[in-house]
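# Whatever this is, show me its structure:
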Amino acid sequence: MQRKAYVPGTAVLLAALLAGCTGGSGGGDTTTDPKPGDAGATAPAAQPGKYRTLPEACAAVSHDSLDSLLPGIKQITDQAQRDTAYEGEATLTYDTDRRVGCGWKVESTDATDHLNVDFERVVSYDNAVSDDARAQDIYTAKEAAADLPQPVGSATASATPSATASGGDTESSTPSASASTPVSGGATASAGTSGTPADLQPRELGSTGDEAFLDDKLNSASSTTQQRTVTVVFRTSNVIVTVEYAEQPTASTGAPDSKEMQDKARNLAQKLVDRFNG
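Numbers count the residues shown, from 1 in each chain. All right, here's what the predicted structure looks like:
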């Protein structure tokens, strides 16, 4: 019987084909194409905020500050009741890691005083936006909502205690009447529209945290008395702090003094700034 001829070229061709089929499954030489627009590396996340915790709100205000802001505390003769007044009442929040607050209300022979402090720690959930930047956005929205009057001039405030503490407030140079000019009809008005001197108008504050503003509103709490509310809001890194101080006289004795209340509220705000920076 005649054997079939063996063709060496056929064996070479088959070997080449087999090598081509198995070459794609080799070791580490094979790379996967990146997704469109994928540079192959993740961009670094934005910096986290400076503060990771918040202070205990009801313990953040010292007894000395409470004595100044709430003079009725010293008039409480019962020690147990006085201690309760110092303690304040914690604000109900659902995440004390992100927001805490405390409020005090004390009556004296001359007036009823209210104090509220609120601490909000801002956390950005966008890796491209830092906690500080997000906090700045929230602060800016709060200032816009306060609708502060535009400063008329660029003159700096005189060296009064409140002006010295601010270190460069935005002030108006327009002269005006007494700070205790009443607001009729039960309307709520900012201090700037109720005859308040220029250096006591609602304004931005300097040297209080990273940025701050003060609002001052006067409203008729009843037909005979007026309540003044001074609010200081400041931001330090990724924390926003609000100090709200209100006073309502017990009798028709005119409006509470704007300068005195602003000085007290600003002094407390600065102490809270120092507490964060300490």
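# ok, K105 - how many residues close by?
K105 has 15 neighbours, counted by other CB atoms under 10 Å. For every residue, glycine as well, the C-beta is placed using N, CA and C.
# Contact partners for it?
Counting by CB atoms under 8 Å, 6 or more residues apart in numbering, K105 makes contact with T112, D113, H114, L115.
# In TSV, list the residues you listed along with secondary structure and neighbour count.
Shown next, in TSV, are the contacts of K105 (DSSP: H, G, I helix; E, B strand; the rest coil; neighbours: other CB atoms under 10 Å):
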residue	secondary structure	neighbour count
T112	strand	18
D113	strand	23
H114	strand	17
L115	strand	23
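# from the residues you listed, which is closest to R121?
L115 (20.9 Å; CB to CB).
# Next one: that closest one from R266, what distance?
L115 sits 13 Å away from R266, going by CB to CB, to the nearest Å.
# In this structure, where's the longest helix?
helix 258-277 (DSSP state H).
# Identify each buried residue in it, please.
258-259, 261-270, 272-273, 276 (16 or more other CB atoms under 10 Å).
# cool, stretch 133-142 as well?
A133, R134, A135, Q136, Y139, K142.
# sec struct for the fifth one, please.
Right, the one you point to is Y139. Three-state call for Y139 (DSSP: H, G, I helix; E, B strand; the rest coil): helix.
# Now do the contacts for it.
Y139 neighbours (CB under 8 Å, 6+ apart): E211, V233, R235, I240.
# so what's the closest residue to L205 other than its chain neighbours up against?
Nearest residue to L205, sequence neighbours excluded (CB to CB, 6 or more residues apart in numbering): A212, at 4.1 Å. With contact taken as CB under 8 Å, 6+ apart, A212 is in contact with E204, L205, G206, V232, V233, F234, R235, A269.
# Export the one helix or strand A212 maps to to PDB, keeping only CA atoms.
Assigned by DSSP states H and E, A212 falls within strand 211-220. Provided in PDB are the C-alpha atoms of strand 211-220 (Å, rounded to 0.1, in the frame of the first residue of the first chain):
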ATOM      1  CA  GLU A 211     -16.900  85.700  57.900                       C
ATOM      2  CA  ALA A 212     -19.900  87.100  59.900                       C
ATOM      3  CA  PHE A 213     -22.900  89.400  59.800                       C
ATOM      4  CA  LEU A 214     -25.200  91.000  62.300                       C
ATOM      5  CA  ASP A 215     -28.900  91.600  62.000                       C
ATOM      6  CA  ASP A 216     -31.000  93.800  64.300                       C
ATOM      7  CA  LYS A 217     -34.800  93.800  64.200                       C
ATOM      8  CA  LEU A 218     -37.300  95.600  66.200                       C
ATOM      9  CA  ASN A 219     -41.000  94.600  66.400                       C
ATOM     10  CA  SER A 220     -44.000  95.400  68.500                       C
END
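# between the helix or strand just after it and strand 211-220, what angle do the directions make?
Downstream of strand 211-220, the first helix or strand assigned by DSSP H and E is strand 226-236. For strand 226-236 against strand 211-220, the angle by axes from the mean of the first three to the mean of the last three CA atoms, to 10 degrees is 170 degrees.
# Pull out the buried residues from stretch 67-87.
L69, L70, P71, G72, I73, I76, R82, A85, Y86.
# Identify, from those residues, the entry nearest to Y245.
L69 (6.1 Å).
# and the closest one, what is it in contact with?
Taking CB under 8 Å, 6+ apart, one finds W104, D113, L115, Y245, K264, A265, L268 in contact with L69.
# Is the fourth one bridged to anything, and to what?
I take that to be Y245. Y245 has these beta-bridge partners by DSSP bridges: L115, V230.
# My understanding was that it contacts K217; is that so?
No: in this structure Y245 lies outside contact range of K217 using CB atoms under 8 Å: 11.3 Å.
# Between those two, which contacts overlap?
Contacts common to Y245 and K217, judged by CB under 8 Å, 6+ apart, are T229, T231.
# Those two - which one has more neighbours?
Y245 (25 against 19).
# what's the spacing between the more buried one and Y125?
Plainly put, Y245 is 33 Å away from Y125 if you go by CB to CB.
# Could you do L148 as well?
For L148 relative to Y125 (CB to CB), the value is 30 Å.
# same question, V273
27 Å.
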